[in-house]
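>>> Please work out how this folds:
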Amino acid sequence: MSFLQQLLLISLVGIVFGAYALSRIGQRPPGLPPGPVTQPFWGNIKQMPKRDMYNQFQKWAQEYGPIYSIKLGVQTMIVLSDGKAVKELIDRRSASTNERGPHYIAHDLLGDGQRILQMRYGPDWRLSRKLYHRLLTTTMAKTYLPYLELESKKMLYDLSTNPDGFLYHIKRQCCRNKGYDNPTMREILKSLEKTSSIIQVTSAALADAYPIMQWLPAWLFPAKKKAIEHTKTERSIYFRLWNRVKQSMADGTQKPCFAADLARLQEKEGFTDLRAAYVSSGSMEAGTGTSSNNLLGFIQALILFPDALKEAQRELDRVVGDDRLPDLDDRPNLPYLRSCVKESLRWMPPVIVGIPHCLSCDETYNGYVLPKGAELLINVWTLNNDPTRYKDPRTFNPARFLNDEQTSFEAATNPDPDRRDHYAFGGGRRLCPGTHLADDILFLAMSRLVWAFNFTPAVIDGKEVPPTPERFTQTAVVMPEPYPATILPRSAKRAAMIKKDWEQARDNLLDEQLQWREIPRGMKFSEL
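Numbering: from 1, shown residues only. Modelled structure (predicted):
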């Protein structure tokens, strides 16, 4: 055989083996949980809808069972739609399921790999996690109460004077700022929307399904270009906010807050300003992108299910009356309002398909082989709407939790998966460290909203226009698509009290920049 013939033979063999290898991409190997039929090379990518992916995940759970697999190019994703599977794999086997998979656009490029939400396990993740845990303990959460009190009063006042802007008032109260008209506030919200939209875009996921795409130049890969450009903008905003806190600390004018405590920790731990800027902004993103979105879902639920609103108002009138605002000390005596928090997180979770975990080693479960590198997805929407646990799951019914006195953290870590109330905060070692603070924010805001206002459908051209449920923004952290509403004080007396409480707080506690004149009682720098 001549040299040319040998070369042709080798080339032919290479082509055959290459074609075979390509044909195996996307195929489901034996041993995996069942799932939808795959296509060569694509796997199940072409079956993924462009919007409302949670619906498809729910349909597949109904068809293939509580644990199924999908193939996304070279990626394997195992979807968990059963509480027992989540408890076993995500919680009990967290040593091997604590990892995150590769997210080139959403993590490596977007945010310089500094966001803990998608950060891979290792020294960087452990440091960021430690910082959040030290600054968001139950004890530390109590020191933020003066902020919660002030912001909720401002929110009530804004709603009473400009109810049509309720979306921005809710966003602002979860992101300490002067108001939506403030340039910094608009800049932050715009940046967060951009971040979330880039994470959610289909081409961002394709870079993980087919890693060769990561080598494409930015001008050929729009999602890559957007991530690189937006990171520069985002980093500029977060560094500016962080440096402002550091300068105020140096001047001795900084009041206690999460970022101030972080600055003091930096002196001891020696982490970089880049890490600090993203850790401090991460707490802001969590409040703005999760708690506020949940409150917008809660308001929508009150409009669509007026009986729940009336029952909550009856409880508040009986326990609190109309001479003062409810506060966190009332929580033990307001079981229906406590249940409103739980039901709201179940009915309208801000993250409805979870953030995938990743197996760091092979595991087996129920006879299935779960290979190293496979992603494990907590199917939040399907779990939260399991009809075997929640009768009429799309009915907003806080009464279903009246006998459940657990906090969100206690429910998530309960050894009995049937005692878990919702899956909004993730699980395992990736369980949101701010669950205690989120519970406080939501209870205080919800109880005061219900105490102060009636919520009814908007009236347009003489007709009531109720919001359309389950129409969500197509972002990584979802909220109801903007909807109109009629929001009116329940009485002239309550309207006057809202105005008086805010004006007294503003005049007595804040300076002309709407910052604290003095450190409020109960607020302090953490004892690090």
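
>>> Now the longest helix anywhere in the chain: buried residues?
Secondary structure of the chain per DSSP state H: the longest helix is helix 222-251. Residues 223-224, 226-227, 230-231, 234-235, 237-239, 241-242, 245-246, 248-249 are the ones in helix 222-251 that count as buried (16 or more other Cβ atoms under 10 Å). In this view, the C-beta of every residue, glycine as well, is placed from N, C-alpha and C.

>>> cool, stretch 406-416 as well?
By 16+ other Cβ under 10 Å, the buried positions in stretch 406-416 come out as 406-409, 411-413.

>>> Which of those residues sits closest to Val37?
In terms of Cβ to Cβ, no member of the buried residues of stretch 406-416 lies closer to Val37 than Ala412, at 34.8 Å.

>>> Can you name the secondary structure element that comes next after the helix or strand harbouring the closest one?
According to DSSP states H and E, Ala412 maps onto helix 408-413. Remark: after helix 408-413, the chain's next helix or strand is helix 435-452, criterion DSSP H and E.

>>> for the stretch 251-400 of the chain, what are the low-confidence residue spans?
For the stretch 251-400 of the chain, the stretches with pLDDT under 70 are 286-289.

>>> all helices for it, in order.
258-269, 273-286, 292-304, 306-319, 335-347, 380-384 (DSSP state H, counting those that start in this stretch).

>>> contacts for the fourth one?
This means helix 306-319. Residues outside helix 306-319 that contact it (Cβ atoms under 8 Å, 6 or more residues apart in numbering): 301-302, 326, 330, 333-337, 340, 396-399, 447, 450-451, 454-456, 490.

>>> May I see the buried residues of it?
Quick answer for helix 306-319 (16+ other Cβ under 10 Å): 308-309, 311-313, 315-316, 319.

>>> of these, closest to Leu150?
Distances from Leu150 to the buried residues of helix 306-319, taken by Cβ to Cβ, are shortest for Leu316, at 20.7 Å.

>>> ok, then the element right after the lowest-mean-pLDDT helix or strand in the chain?
Every helix and strand of the chain was ranked by mean pLDDT, DSSP states H and E. The lowest is helix 3-24, at a mean of 44. Where DSSP H and E defines the elements, the next helix or strand beyond helix 3-24 is helix 53-64.

>>> Let's test this: mean pLDDT of that following helix, rounded?
Averaged across helix 53-64, the pLDDT comes to 96.

>>> next one: phi and psi at Pro480?
In terms of degrees, to the nearest 10, the main-chain angles of Pro480 are phi -60, psi 140.

>>> Over to the one 4 residues further on?
Note on Pro484: its backbone torsions stand at phi -80, psi 160 [degrees, to the nearest 10].

>>> ok, back up a step: which member of the buried residues of stretch 406-416 is positioned nearest Lys171?
For those, the nearest to Lys171 is Ser408 (21.4 Å; Cβ to Cβ).

>>> Please look at the closest one and Asp421 and confirm they touch.
Yes: with contact defined as Cβ atoms under 8 Å, Ser408 counts as touching Asp421 (7.3 Å).

>>> which non-adjacent residue is nearest the residue positioned nearest the centre of the chain?
Closest residue to the average C-alpha location of the chain: Thr290 at 4.4 Å, with Cα atoms, centre = their mean. The spatially closest residue to Thr290, leaving aside those adjacent along the chain, is Pro350, at 4.3 Å (Cβ to Cβ, 6 or more residues apart in numbering).

>>> Reformat the helices of the stretch 251-400 of the chain as JSON lines; add distance to Ala438.
Shown next, in JSON lines, are those (distance: least, Cβ to Cβ, whole Å):
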{"stretch": "helix 258-269", "distance to Ala438": "14"}
{"stretch": "helix 273-286", "distance to Ala438": "8"}
{"stretch": "helix 292-304", "distance to Ala438": "8"}
{"stretch": "helix 306-319", "distance to Ala438": "19"}
{"stretch": "helix 335-347", "distance to Ala438": "9"}
{"stretch": "helix 380-384", "distance to Ala438": "15"}
